[in-house]
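**Q** Quick check, what structure comes out for this input:
(chains A, B, C and D)
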Protein chains: 4
Amino acid sequence: MTDTRLIRIGIIGAGRIGKIHADNLRGVPGAVVAGVSDLFAGEELREWAALRGIGKVTKDSEELLADPDIDAVFICSSTDTHVPLIKRAAAAGKHIFCEKPVSMDLSQTEEALEAVRVAGVQLQVGFNRRFDHNFKRVREHVLAGAIGDPHVVKITSRDPSPPPEAYIKVSGGIFMDMMIHDFDMARYLSGSEVEEVYAQGGVLIDPVFAVHGDVDTAIVTLKFANGALGVIDCSRKAVYGYDQRAEVFGSGGSVAASNDYPSTAVVSNGSGVVSEKPLYFFLERYQGAYVDEAVQFVECLREGRPVPVDGGDAWQAERIALAAKLSLESGRPVKLSEIEKLKEGLGHGV
Amino acid sequence: MTDTRLIRIGIIGAGRIGKIHADNLRGVPGAVVAGVSDLFAGEELREWAALRGIGKVTKDSEELLADPDIDAVFICSSTDTHVPLIKRAAAAGKHIFCEKPVSMDLSQTEEALEAVRVAGVQLQVGFNRRFDHNFKRVREHVLAGAIGDPHVVKITSRDPSPPPEAYIKVSGGIFMDMMIHDFDMARYLSGSEVEEVYAQGGVLIDPVFAVHGDVDTAIVTLKFANGALGVIDCSRKAVYGYDQRAEVFGSGGSVAASNDYPSTAVVSNGSGVVSEKPLYFFLERYQGAYVDEAVQFVECLREGRPVPVDGGDAWQAERIALAAKLSLESGRPVKLSEIEKLKEGLGHGV
Amino acid sequence: MTDTRLIRIGIIGAGRIGKIHADNLRGVPGAVVAGVSDLFAGEELREWAALRGIGKVTKDSEELLADPDIDAVFICSSTDTHVPLIKRAAAAGKHIFCEKPVSMDLSQTEEALEAVRVAGVQLQVGFNRRFDHNFKRVREHVLAGAIGDPHVVKITSRDPSPPPEAYIKVSGGIFMDMMIHDFDMARYLSGSEVEEVYAQGGVLIDPVFAVHGDVDTAIVTLKFANGALGVIDCSRKAVYGYDQRAEVFGSGGSVAASNDYPSTAVVSNGSGVVSEKPLYFFLERYQGAYVDEAVQFVECLREGRPVPVDGGDAWQAERIALAAKLSLESGRPVKLSEIEKLKEGLGHGV
Amino acid sequence: MTDTRLIRIGIIGAGRIGKIHADNLRGVPGAVVAGVSDLFAGEELREWAALRGIGKVTKDSEELLADPDIDAVFICSSTDTHVPLIKRAAAAGKHIFCEKPVSMDLSQTEEALEAVRVAGVQLQVGFNRRFDHNFKRVREHVLAGAIGDPHVVKITSRDPSPPPEAYIKVSGGIFMDMMIHDFDMARYLSGSEVEEVYAQGGVLIDPVFAVHGDVDTAIVTLKFANGALGVIDCSRKAVYGYDQRAEVFGSGGSVAASNDYPSTAVVSNGSGVVSEKPLYFFLERYQGAYVDEAVQFVECLREGRPVPVDGGDAWQAERIALAAKLSLESGRPVKLSEIEKLKEGLGHGV
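**A** Below you'll find the predicted structure:
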């Protein structure tokens, strides 16, 4: 007989991504969105919830955490709230889905992971790209041996347009905010840990990045434990849309994934042969991935299996981001082992 | 203020396509799946409904039609039940979504459309491909004048594998069962009515088609009222998957849509450069289209607008299918006007 | 030891295509362009020849035919001169390469073939597309069984722009002038003879075609002896360039060839993703094919093998063109066997 | 009036590439291959020449250099002979086409360039890829401003299979032998000089590279004078064929060129959608580029214009190769200015 138990979920933070997760969870068999909390909850959010049959709307996340009928929470609030919310949710015995990064400070991240471990709850981290149909298929081909031993991993990661200055200021920089996805992807696709990074960067798009000690364009090369090499090129602004591609080249061939497009329609006329721009917005590009990470989170909870991307993955990607930042600042290759030393020496990250 | 009124929907027929519609409707803001009826409703269906929070499960569609809380029904049962169900639903004042074809007999179809007209309810027909992101975009380009005046419309329509004999027997033949979608697509893409058809066909895949007076491979050429020409090639079996493409060529260029694929991953190795096969199954290929036709049905009801594909579209496509059948049987081009005459003369279709 | 004998060739007709053949032959090991004749030979042609080391330039093709040092001729003059030149060249014992069509009159074509047979020389006909890298590869896949038994052959054939009226007047019509290539391609790709054709056509581009009893847009469907079906769509004007594609679909899959492009460069910017238009001109698109048909002609002569496309192929394609014309005129499918009867009855074609 | 003067050319070194150049030059209007020299000239070479109407075949390049009828030479012999041959040809007043690299020693290269300058002859260097239809088109788009200011230049350069050990031993290493083409391409596409390089490398394909102090896989990142960043990934073995791609990304978009293929034929069957592997061999991939560089060399000489790729380009690419080698050996980024210092200090390269 099928298990008809439902997983009841609370959404913490009803901004853009919180609403996306809520809508996706509504379509997941076995899941119920039981409530939503947001500091600015008002009429608009209540109407939004009514149209979706979501009963509880509150300004106070504590209401969700205290609700014994709620099994799990999605933490979709700002990055600085992640660690305290993880600790409280873990203490309340709720399973946790948390957006990336867990924090910008390795020590803080480690505290959150420890709280989760002690509480015995599950923590899934929002590295949604691992659930993307394209990248997942690349990984499957690598695992199946279709390309032999990986020699080179190449990732292209370009946003359609830079965030506003208010965001840049608190973003943690291009490595922690944007490329952290790519660092996770590099680990995922290569199946190996990164041992050394070298980062080049420049302010080529907007001087505002320089004002905040950041760059807007970067190329990071990687050395993996298995001997493979890697390179990620990253830009804050691709005028044609969201550009997210990857290739793994190896002894037996290569496998490459390109972008997704709104349609396959191609117009041929006097001006040329014109196909569509890549899906412009990350929520469109990764719509299927967001659904799939929610499906898997719910399925793992229902079946008592470990979730597919956990706190350890968050920790590894954060380390690589810190090493890339140090490389850019120092103008030299940086070994990941240096980051550990730094943390021990300095207490709070770089 | 947003309208928070919900449209409550009953699903009649909980086979594969009925369940798909139910799942899609669950994700549509403003819609509630209030009940489901199926002649063979049992434990399995009740569990399925429980996991989705669908309260009412019954063997008797009358229960849904009699429920004053239900605003609309999706008719997803077998083709022979469409006309009687449309009549009963119309009489009960329910709006109707009905799978294609309405019937295989023009007179019957006309009776159903009349019942809908008299009752003043809305009827949307399941020509889902009009909602496909690719074909919709082709249509938009044609409408926007990107290719000038249409000269040639080309459609390729191939199923991954033939249906079982039991289905072939009652299918109504390749023109009514399968190419009816393509006939609708030809009207949609050209923006013009079909005036004449010539059909070639053969039994190249399986002799079972000949046993039932059917063909498994066909090429139908079309003449449109606006002077454009058209051609549809159709096969019951493409071993590589569901092959659904269209091209409109005109005085100012061409626009073409190809298939969708599970991913963009491409493997290059000693054997060649290998990309994925097209999505194999129509439910995968048109997943987005099924969602979108449900969304539009609900939105039109909520906003009191006419639904986008109605009974008249069903009637036109059925006429073309009958003309194609007559052309194949007679070995000559057939004008659509002949079908009207036939109907008048014979009473019940061809 | 390698055979160092050279094949000495005379070019009859130094228009565009004659010069192309001359330049291609210059690069063929074992071939020497020994002379060129043209009714309008003058200073310009002598300079052209001097830069290429071609010694003999004359107004009189007889000079080439009478030259005992010349082994073969390329007949590149206007269609109405083909038959008399073939007869004279055959009588002079020269091997012959002749552009298509041999003539527009089956009886004339048959006389030319008979002259060739009697003289024991070789005749290759300029169905250059058989040597195209794309179509050749399609044929190879079909022969290798990669797609199983052919079920459907589809050919798209569009010129970038219509010829001038002076040419339209004497062209022989769209079927004999333009689609004759496609009829040959249909035979080549299917590996089967055409038994019946049905032609639809329209004047959608320029009324001048109607003035001369011609159409500018056509769709021709075919039935092959092996049971397969075929369809060719043809237009005199594709604003985006020369559009030449083919697909063979069968029991085991499909093989399709698309166009060639000036480069693989793709620009992605705010307007879209733009790749190049297909090669615009048939001399660019089939440059490699023109070289290859010249190489094979020379090799076959040097090695005493039969040439790859002969008079019989010309005759078959001309028959199909005549049948298509009759179908368009009569508005009904036409069997190829009717053409034979017509010829017997009428003496000189349709 | 057209200039009918012919450029008479001698080929020095009749190995694979020398024969290719000879065959290409035979088709160039205005050029005559007047002679060929090779240390191992014998019966086979004489037959080869006879079939092509090349009169002079000799073992001694001096015969060609002393021939007053010869205007220019193609130096296609081994790298170690380039500098002495350039000096002798320049002294003999012949224009020179020389394969890359001029030498592996900057001082030697500079001596050759000086000899050319003093003699007032022209020297074109065989960076054939600049004439490739794909890369040329990328460059044209960059120059035309289609992508705005270049931010990132990406080049992928993979050979189908490693050379034999005998070649590896004397090749000068992956940077000088193979990536020198890519370094030139980086300059060409960015329109800017390289200021700094960082090279990562590994022996992932065959330990024989390590034996000779070489690597078989490398990623080199670049900083350009105009602020742009660059990255080249290189491998000695791509099992699927010759993989040569480039992309320039900028403020206004991107332009990318992919590989060329033997045909556009695509087979779809039960195994997948299979297109052809890239052209396997560099002589196929760059066939058009080899022709075009010969055409341009001849045209420039006939018209008295400077040739398109000269000794200065050779010198710049050799400097980058030396810097990349130093970076790999030292494990740190290297500025190009260091190479100048090294040369001054050490006399003979790195």
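**Q** so how far is A:A112 from A:E293?
**A** Distance check for A:E293 against A:A112: by CB to CB, to the nearest Å, it reads 19 Å. For glycine as for every other residue, the C-beta is placed from the backbone atoms N, C-alpha and C.
**Q** Following element in sequence after the helix or strand that contains A:G35, please.
**A** Using DSSP states H and E, A:G35 maps to strand A:31-37. Next along the chain after strand A:31-37, taking DSSP H and E as the criterion, comes helix A:43-50.
**Q** what about the closest residue to A:Q296 other than its chain neighbours, which SS state?
**A** Closest residue in space to A:Q296, ignoring its immediate chain neighbours: A:P308 at 5.5 Å, by CB to CB, 6 or more residues apart in numbering or on different chains. Following DSSP: H, G, I helix; E, B strand; the rest coil, A:P308 is assigned to coil.
**Q** Tell me the spacing between A:P308 and A:V194.
**A** Distance from A:P308 to A:V194, by CB to CB: 20 Å.
**Q** how about A:T264, what does it touch?
**A** Residues in contact with A:T264 (CB atoms under 8 Å, 6 or more residues apart in numbering or on different chains) are A:S275, B:N134, B:A257, B:S258, B:N259, B:D260.
**Q** Oh, that last question was meant for A:R285, not what I typed.
**A** Residues near A:R285 by CB under 8 Å, 6+ apart: A:D132, A:Y242, A:Q244, A:N259, A:D260, A:P278, A:L279.
**Q** which of these tops the neighbour count?
**A** Highest neighbour count within the contacts of A:R285, by other CB atoms under 10 Å in any protein chain shown: A:Q244, with 27 neighbours.
**Q** If the residue of the stretch 251-350 of chain A found nearest chain D is in a bridge, with which residues?
**A** Chain D sits closest to A:G253 of the stretch 251-350 of chain A, with a gap of 5.4 Å, by CB to the nearest CB. A:G253 has the following beta-bridge partners by DSSP bridges: A:G250.
**Q** Equivalent analysis for A:V334, please.
**A** A:V197.
**Q** who are the neighbours in contact with it?
**A** A:E196, A:V197, A:Y198, A:A323, A:A324, A:L326, A:S327.
**Q** Can you list the buried residues in stretch A:87-103?
**A** The neighbour-count check on stretch A:87-103 (16 or more other CB atoms under 10 Å in any protein chain shown) flags A:87-90, A:92, A:94-103 as buried.
**Q** oh sorry, the question was meant for stretch A:297-316
**A** So, applying 16+ other CB under 10 Å, buried residues of stretch A:297-316: A:297-302, A:307-311, A:313-316.
**Q** can you check stretch A:65-72 too?
**A** Using 16+ other CB under 10 Å as the burial criterion, the residues of stretch A:65-72 that qualify are A:L65, A:D67, A:I70, A:D71, A:A72.
**Q** do stretch A:223-242 as well
**A** A:223-224, A:228-242.
**Q** The residue nearest to A:Q296 reaches A:R130, doesn't it?
**A** Yes: using CB atoms under 8 Å, A:P308 makes contact with A:R130 at a distance of 7.2 Å.
**Q** Mind listing the shared neighbours of the two?
**A** A:E293.
**Q** Up against chain B, what does the stretch 101-250 of chain A have?
**A** By the rule CB under 8 Å from any CB of the partner chain, the part of the stretch 101-250 of chain A lying against chain B is A:H133, A:N134, A:K136, A:R137, A:V138, A:H141, A:A146, A:I147.
**Q** Inside helices: which ones of those residues?
**A** Among those, DSSP state H puts A:H133, A:N134, A:K136, A:R137, A:V138, A:H141 in helices.
**Q** so how far is chain D from the fifth one?
**A** Distance of A:V138 to chain D, given as CB to the nearest CB, to the nearest Å: 15 Å.
**Q** How many neighbouring residues does that residue have?
**A** 29.
**Q** correct me, but it touches A:A257?
**A** Yes: counting by CB under 8 Å, A:A257 is a contact partner of A:V138 at 4.9 Å.
**Q** Give me the common contacts of those two.
**A** Joint contacts of A:V138 and A:A257 (CB under 8 Å, 6+ apart) are A:A246, A:E247, B:A265.
**Q** So what's the predicted local confidence for the spatially closest residue to A:L113 that is not a sequence neighbour?
**A** Excluding its sequence neighbours, the residue lying closest to A:L113 (CB to CB, 6+ apart) is A:G311, at 4.1 Å. You'll see A:G311 listed with a pLDDT of 94.
**Q** how's chain A carved up into domains?
**A** Domains of chain A are assigned by automatic domain parsing as A:7-129+A:288-307, A:130-281+A:315-344.
**Q** tell me how far the ends of the shortest one are from each other?
**A** This means domain A:7-129+A:288-307. 15 Å (CA to CA, to the nearest Å).
**Q** I'd like the average pLDDT over it.
**A** 94.
**Q** Skipping adjacent residues, who's closest to A:A246 in space?
**A** A:I155 (4.9 Å).
**Q** ok so, going back, identify the farthest-apart pair in the contacts of A:R285.
**A** Farthest pair in the contacts of A:R285 (CB to CB) is A:D132 and A:P278. Separation: 13.0 Å.
**Q** any idea where the helices of the stretch 201-350 of chain A begin and end?
**A** A:208-211, A:282-285, A:287-303, A:311-330, A:336-346 (DSSP state H, counting those that start in this stretch).
**Q** before we move on, what about the stretch 1-150 of chain A?
**A** A:16-26, A:43-50, A:61-66, A:79-91, A:106-119, A:133-143.
**Q** Near chain C, which residues of the stretch 201-350 of chain A are found?
**A** A:238-241, A:243, A:268-278.
**Q** between those, which is nearest chain B?
**A** Lowest distance from chain B to those (CB to the nearest CB) belongs to A:N269, with 3.0 Å.
**Q** neighbours around the closest residue to the closest one other than its chain neighbours, how many?
**A** Of all residues not flanking A:N269 in the chain, B:G253 sits nearest, at 3.0 Å (CB to CB, 6+ apart). Close neighbours of B:G253, defined as other CB under 10 Å, add up to 23.
**Q** list the contacts for B:G253?
**A** So B:G253 contacts A:V267, A:S268, A:N269, A:G270, B:A146, B:I147, B:G148, C:A238, C:V239, C:Y240 (CB under 8 Å, 6+ apart).
**Q** Which residue lies nearest the spatial centre of chain A?
**A** Nearest residue to the geometric centre of chain A (CA atoms, centre = their mean): A:F127, 3.1 Å.
**Q** where does the stretch 251-350 of chain A come near chain B, residue by residue?
**A** The stretch 251-350 of chain A comes close to chain B at residues A:252-260, A:262-270, A:276, as judged by CB under 8 Å from any CB.
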